[in-house]
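Enquirer: output the structure for:
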Amino acid sequence: MGSFAKCMVIDGYSVTGLDVDNTSLWKEIQPVLYDGKKIPFRNNKFDNATVVCVLHHCKNQEGVLKEIMRVSKRAVVIEDTYRSSLEHLSISIRDSIENWEFYKHTYRSFQEWKKLCENNGWKVKHVKSWSSWDFGVLYGHQTCFVIEQ
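Expert: Okay, the predicted model is just below:
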């Protein structure tokens with residue numbers, strides 16, 4: 001919805017938003033629209049890409065991540081992750097309620113993300129995980145990982 005991009009722009013960063021739909025809340029923050037498959041930028045166009053809680057909504061997560069890594073030298077990815085079947089259920093419920101999307105999302109554990117990165121020859125350079133309670137009742141677990149070529 002452009003809120004993260006808006007914060008980055010306010011802090012003086014040059015930001016190019018990308019999405020399959022324009023749901024931006026900010027008139028001055030408009031994403032480049034694309035088909036969800038081929039990102040319309042040349043190889044290594046960006047130093048960094050930031051992907052916040054997007055990949056679990058994608059049918060072809062690996063393909064989208066490959067495209068992100070093609071157009072950027074580094075990706076900072078924040079994703080809903082889980083460590084147990086109970087956490088998996090919890091983040092599924094939370095995500096459905098918060099996004100009002102009642103369909104199956106594909107979540108991965110951090111170990112599954114790490115393996116996917118290794119299988120593609122990328123290096124996971126940094127990892128930070130945390131848990132949160134939204135509205136005091138909706139539990140979630142997120143992981144931030146930095147991926148480099």
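
Enquirer: touching the helix or strand of the chain with the lowest mean pLDDT from outside, list them.
Expert: Every helix and strand in the chain was compared by mean pLDDT, DSSP states H and E; the lowest is helix 85-99, with a mean of 89. Residues outside helix 85-99 that contact it (Cβ atoms under 8 Å, 6 or more residues apart in numbering): 56, 80-82, 101-105, 107, 134, 138-141. Yep, even glycine has a C-beta here, placed from its N, CA and C like the rest.

Enquirer: just the buried residues out of those, in ChimeraX syntax.
Expert: A single ChimeraX command selects the buried members of the contacts of helix 85-99 (16 or more other Cβ atoms under 10 Å):
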select :56,80,81,82,107,139,140,141
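
Enquirer: of the contacts of helix 85-99, closest to Lys27?
Expert: Lys27 lies nearest to Glu101 out of the contacts of helix 85-99, by Cβ to Cβ, at 25.2 Å.

Enquirer: could you pull up phi and psi at Lys38?
Expert: Note on Lys38: its backbone torsions stand at phi -110, psi 110 [degrees, to the nearest 10].

Enquirer: what's the local residue count around it?
Expert: 10 (other Cβ atoms under 10 Å).

Enquirer: can you give me the strands for the protein?
Expert: Counting by DSSP state E, the chain has strands at residues 18-19, 32-33, 46-52, 72-80, 123-134, 138-148.

Enquirer: so how far is the second one off the chain centroid?
Expert: Okay, so that is strand 32-33. 16 Å (Cα atoms, centre = their mean, to the nearest Å).

Enquirer: and if you look at the last one?
Expert: Here the centre of mass of C-alpha atoms in strand 138-148, compared against the chain's by Cα atoms, centre = their mean, lies 9 Å away.

Enquirer: could you do the fifth one as well?
Expert: Remark: strand 123-134 is offset 12 Å from the chain centroid, using Cα atoms, centre = their mean.
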